[in-house]
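S.K.: Just to be clear, the model below is a prediction. Sequence and coordinates:
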Amino acid sequence: MKRKIHTFLKSMILFGSIFVAAGCSKFDQDFSRNPIGELKIEADETEFNAVQFEELRIPIKFETPPKGDADYSYRWRAIAEDSVYVISRQKDLDITLKLPVGEYNLQYTIIDKTTGLEFNKLFQLTVNGAFFKGWLVSHNTAEQGKLSFVRADGTVFDNPAVDINNKVFPGKAISSFYSKVPYQEKYACIHYYTDAGIYRFDPNSFLLTGGTDDVLPKVSSFSQIADRSGREGYDKYIINNGELYAGMGSFYPEQILRPYSEGFGGDYRLYPAIISTDWSLTYFYDNKYKRFLQAENLGRKLLPATGNVEDLFDKANVGKTMIAAGEGKPSYYTSIFYFVMEDHDGRYLYGLDGTVPSKKQKIEDVHCPRFSKASSFAVSSVFDHMYYAVDNELYLYNIMSNTASLLYRFPSSQKISDIENDSSGNELAVSTVNNKVEGVFHIFKIDEIGHFVANGPALTLRGFGDIVHISQR
């Protein structure tokens, strides 16, 4: 189902005035007037996850005391840290949910009009934004870009930024990212990159919150982009056209949405990957001199990566060109990243676990069909696996055995443009382009050994333009 959100912004404007009237400045959570055993309130569930501006229904059952002929009234209150919202006065809750995104105690009260006694039951309510989880899809029709959102339930928002802001965002789409710092969700945003500039949106509403001048004010051209924070979130980074820019993270949260630094500057050309394997520093890869570089937390200088003589490879002198990078299984203190490297003799897999080189092996087509021609890669966050794409074919590469097998073949008219593993490792998102005209978005479910659950995609959505990038929100 594809949706255009013509009424979304209007609803957002309305809910503020509704709840200002209903809200209280102080919450007095008094359950003392609930005579135990006199009136039993029941519902099928006690915890609810709901989506803002969609329907929420909670039917209620209760038994009146013997000979009970009381006249009752009802009240539903959503209780946040500093506000209380009365959202209904009906026996059963049946509303369009206009609460702000957040966590609530949902208090249901039955009031005996004759005696004034109140009977209460407490529920837990999580209100998610309409765009709370899913996939950002950047695609182009002719020279005009578009950013679509595919929600986790399969709902498609065709052009939410344009619909909500009533504004066209010029430029050919390059990529889009959900930009967030760990433990600082309220400062999260979506960065949408085009050849005309950057657009910054609120991730819960898609309202425009900034542009190029608010993110990279002195940059005028964009290509080969990476956008991610360091592992502990002290810094956030953007790589654009081989240059590195940094912004403040969790150490100075009030500065998270301020513009990024100027480019670090130096004799390098970075591959677009922010390699956040360790809590104390972040790695980058210089494809000009074929080496890893590193930046300390809160530092604004790149230095050659350091290591030990017994390491599997010298991080400061790798001697190969990086063509892919992805995060594997994380641990409490570190993460593993895998890299596809290339030189005139072929392709290789390298690994970095924290600060320690962990993998170095040559990949041969005889064991890994068509790997030398692969153009898209996605590392699993659960298994020691990597998925790769060649033309219309998807393969599963087993890192430990250094072998690969074909998983799925699309019709020959569809060429795979991008693949991305979700953070849980349970899904693989794949975009294809049909004869360079129509983009198609697919979701494959992944089983407990990394293979696809069914013989084909669990979800296929058509009607996109030329899809150039997909990423998870």
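M.R.: Sure, I can see it. Numbering: from 1, shown residues only.
S.K.: What distance do you get for Ile225 to Ile110?
M.R.: Distance, Ile225 to Ile110, by Cβ to Cβ, to the nearest Å: 56 Å. Any C-beta I mention is one placed from the backbone N, CA and C, and that applies to glycine too.
S.K.: So between the two, which is more surrounded?
M.R.: Neighbour count, other Cβ atoms under 10 Å: between Ile225 and Ile110, Ile110 has more, with 21 against 18.
S.K.: Tell me the bridge partners for the more buried one.
M.R.: Judged by DSSP bridges, the bridge partners of Ile110 are Tyr74, Phe119.
S.K.: ok, now Gly134?
M.R.: So, taking DSSP bridges as the rule, Gly134 has Arg151 as bridge partners.
S.K.: how many other residues sit next to it?
M.R.: Neighbours of Gly134 (other Cβ under 10 Å): 22.
S.K.: ok, it - contacts?
M.R.: Gly134 sits next to 149-152, 472-473 when contact means Cβ atoms under 8 Å, 6 or more residues apart in numbering.
S.K.: Please parse this structure into its domains.
M.R.: Following automatic domain parsing, the chain resolves into domains at 2-128, 375-473.
S.K.: between the ones you listed, which gets nearest to Pro182?
M.R.: With Cβ to Cβ, the closest approach to Pro182 among the domains of the chain belongs to domain 375-473: 12.9 Å.
S.K.: Give me the pLDDT for Glu262.
M.R.: At Glu262, the predicted lDDT confidence score is 96.
S.K.: ditto for Pro369
M.R.: For Pro369, the model assigns a pLDDT of 98.
S.K.: for Lys98, same thing?
M.R.: pLDDT for Lys98: 88.
S.K.: Ok, Asn204 next?
M.R.: Looking at Asn204, its pLDDT stands at 88.
S.K.: change the start of the numbering to 280 and stick with it
M.R.: Okay, using 280 as the starting number, the last item reads as Asn483.
S.K.: Please name the residues that touch it.
M.R.: Contacts of Asn483 (Cβ under 8 Å, 6+ apart): 331, 380, 408-411.
S.K.: next one: Val669
M.R.: Val669 touches 649-650, 652-654, 695, counting by Cβ under 8 Å, 6+ apart.
S.K.: what do you get for Glu321?
M.R.: 339-341.
S.K.: Neighbour count says what about those? Which are buried?
M.R.: Ile339 (16 or more other Cβ atoms under 10 Å).
S.K.: Run through the strands of the stretch 430-579 of the chain in chain order.
M.R.: In the stretch 430-579 of the chain, the segments counted as strands under DSSP state E, counting those that start in this stretch are 435-436, 452-458, 468-473, 476-480, 487-490, 505-508, 514-519, 522-527, 560-565, 570-575.
S.K.: Tabulate the ones you listed (JSON lines), appending mean pLDDT and distance to Tyr547.
M.R.: Listed next are the strands of the stretch 430-579 of the chain as JSON lines, based on pLDDT from 0 to 100; distance: least, Cβ to Cβ, whole Å:
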{"stretch": "strand 435-436", "mean pLDDT": "96", "distance to Tyr547": "39"}
{"stretch": "strand 452-458", "mean pLDDT": "97", "distance to Tyr547": "21"}
{"stretch": "strand 468-473", "mean pLDDT": "97", "distance to Tyr547": "21"}
{"stretch": "strand 476-480", "mean pLDDT": "97", "distance to Tyr547": "22"}
{"stretch": "strand 487-490", "mean pLDDT": "97", "distance to Tyr547": "28"}
{"stretch": "strand 505-508", "mean pLDDT": "96", "distance to Tyr547": "14"}
{"stretch": "strand 514-519", "mean pLDDT": "97", "distance to Tyr547": "11"}
{"stretch": "strand 522-527", "mean pLDDT": "97", "distance to Tyr547": "8"}
{"stretch": "strand 560-565", "mean pLDDT": "97", "distance to Tyr547": "4"}
{"stretch": "strand 570-575", "mean pLDDT": "97", "distance to Tyr547": "7"}
